[in-house]
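Colleague: 3D, please:
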Amino acid sequence: MTHPESSYPARWWHTLDDGRIQCDLCPRDCRLHEGQRGACFVRRMLGGQMVLTTYGRSSGFCIDPIEKKPLNHFYPGSSVLSFGTAGCNLACKFCQNWDISKSKDMDRLMESASPEKIAQVAQNLGCKSVAFTYNDPVIFAEYALDTAAACRRLGIQTVAVTAGYLHREAMVEFYAGMDAANVDLKGFTDEFYIKYCAGRLQPILDTLIYLKRETHTWFEITTLLIPTLNDSDAEIQALVDWTGRELGPDVPLHFTAFHPDWKLDNLPATPPSTLQRARKIALDAGLHYVYTGNVHDRAGGTTFCPNCKAALIERDWYEIPAYHLDASGHCPHCGEAIAGRFGHYERPFGAQRIPVAMARV
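Modeller: The predicted structure is shown next:
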């Protein structure tokens, strides 16, 4: 069965003197002839205009634990209705969702749902938030923002899982609609971004500084450590020093394990010792909340009080066997305020993943 692509009017573009249009969404600045698509594959010139070809369509919906995004300081234990579309504006050789992010097959987009439908389903299923994830929501920003507005009307939070690769004007509008974000900081050299992501480092750093200094969006950072490529002590030290200096010690930092995939299937998986080494470097540099991911490491998943060092939220993968914060997010032992967004804590959602067929709910 063929699923015709949508042609929803896109934003953030202008017409060039030669009749082409230029996309102003991200630093790739794609210049398109009639019928041509941008590098992301989903933004296209049709009838002299730019359109978004994936509006209202998804590669699938499911309910996840919020910790899977990963967000450890945004309503821990809550459930999040998650979905993505297709395409991406980076080209990471190590992409672990490459079948979605690099897909040029619109038939993969089997689910259709309006922003209002998504918000209503999230509310009906008891989800605290909706996450735009699996592929980068920046490239379907119009759909994500309309969905965020519908969610906000029902009191549902919204989460962007993103590489943060976008221009300032779009950035301001995009994050105004997001309550939380996890931003991939894929490495800490321009060489790494150019060679392995087909992008540049500085735009991501600009995004992180903007989030910290000019928004109320809660955000956390994830760095996938890849053996021999971005896991040296020197690069990790540079990353954590920059984070502490420019963003402060309270932004949570997740070091996660690579496994061979896509175009880097010749490299070994990241050993847990590498993540633990990176976590120690970050903690020694003064960062307060540093986590390890994609490995079994209970200490590396636990939130500790930065003042008295008590274990406050114990995690085992996506399970939370112990939770000791009060509803306002303070340590019960010393009264220290823990950075993040917290509320009344009930029974955690746990490690389950529940597919959702939108046509049936």
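Colleague: which stretches of this structure have low pLDDT?
Modeller: Per-residue confidence of the chain (counting by pLDDT under 70) places the weak regions at 1-4, 97-109, 262.
Colleague: quick check: domain ranges of it?
Modeller: As given by automatic domain parsing, the domain ranges for the chain are 8-52, 57-360.
Colleague: Any chance of the ones you listed in a markdown table with mean neighbour count as columns?
Modeller: Where you see a C-beta, it was placed from the backbone N, CA and C, and this is true even at glycine. Formatted as a markdown table, the entries for the domains of the chain read as follows, by neighbours: other C-beta atoms under 10 Å:
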| stretch | mean neighbour count |
| --- | --- |
| domain 8-52 | 17 |
| domain 57-360 | 19 |
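Colleague: in the stretch 1-150 of the chain, which spans are strands?
Modeller: Along the stretch 1-150 of the chain, counting by DSSP state E, counting those that start in this stretch, strands occupy 8-9, 13-15, 21-23, 31-32, 43-46, 49-52, 57-58, 60-65, 79-84, 111-112, 129-132.
Colleague: Partner strands of the third one and their direction?
Modeller: For strand 21-23, the paired strands and their directions (DSSP bridges) read strand 13-15 (antiparallel), strand 31-32 (antiparallel).
Colleague: any chance you could map the helices in the stretch 101-250 of the chain?
Modeller: In order along the chain, the stretch 101-250 of the chain carries the following helices (DSSP state H, counting those that start in this stretch): 115-124, 141-153, 168-176, 190-197, 202-214, 233-246.
Colleague: Touching, residue 153 and residue 119? I think so.
Modeller: Yes - A contact is recorded between residue 153 and residue 119 when judged using C-beta atoms under 8 Å, the distance being 7.1 Å.
Colleague: isn't residue 219 right next to residue 211, touching?
Modeller: Yes - using C-beta under 8 Å as the test, residue 219 is close enough to residue 211 to be in contact (4.9 Å).
Colleague: Between the two, which contacts overlap?
Modeller: Both residue 219 and residue 211 are in contact with 181, 183, where contact means C-beta atoms under 8 Å, 6 or more residues apart in numbering.
Colleague: Distance from stretch 218-225 to the middle of the chain?
Modeller: A distance of 8 Å separates the C-alpha centroid of stretch 218-225 from that of its chain, computed with C-alpha atoms, centre = their mean, to the nearest Å.
Colleague: likewise stretch 315-331?
Modeller: For stretch 315-331, the distance to the chain centre is 22 Å (C-alpha atoms, centre = their mean).
Colleague: likewise stretch 271-284?
Modeller: On C-alpha atoms, centre = their mean, the centre of stretch 271-284 falls 22 Å from that of its chain.
Colleague: Stretch 334-354 too?
Modeller: Here stretch 334-354 shows a centroid-to-chain-centroid distance of 19 Å under the convention C-alpha atoms, centre = their mean.
Colleague: Quick one: residues in contact with it.
Modeller: Residues outside stretch 334-354 that contact it (C-beta under 8 Å, 6+ apart): 62-66, 68, 72-79, 179-180, 218, 250-252, 288-289, 303, 305-308, 310, 312, 317-320, 323, 325, 327-331.
Colleague: what does stretch 196-212 give?
Modeller: Outside stretch 196-212, the residues within contact range by C-beta under 8 Å, 6+ apart are 26-28, 39, 90-94, 163-168, 171-172, 175, 181, 183-190, 192-194, 217, 219, 221, 229, 242, 246-248, 251, 264.
Colleague: Redo the strands paired with strand 21-23 as JSON lines? Include distance to residue 350.
Modeller: Formatted as JSON lines, those follow (distance: least, C-beta to C-beta, whole Å):
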{"stretch": "strand 13-15", "distance to residue 350": "43"}
{"stretch": "strand 31-32", "distance to residue 350": "45"}
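Colleague: Can you check which of the ones you listed gets nearest to residue 293?
Modeller: Comparing these against residue 293 with C-beta to C-beta, the closest turns out to be strand 13-15 (36.2 Å).
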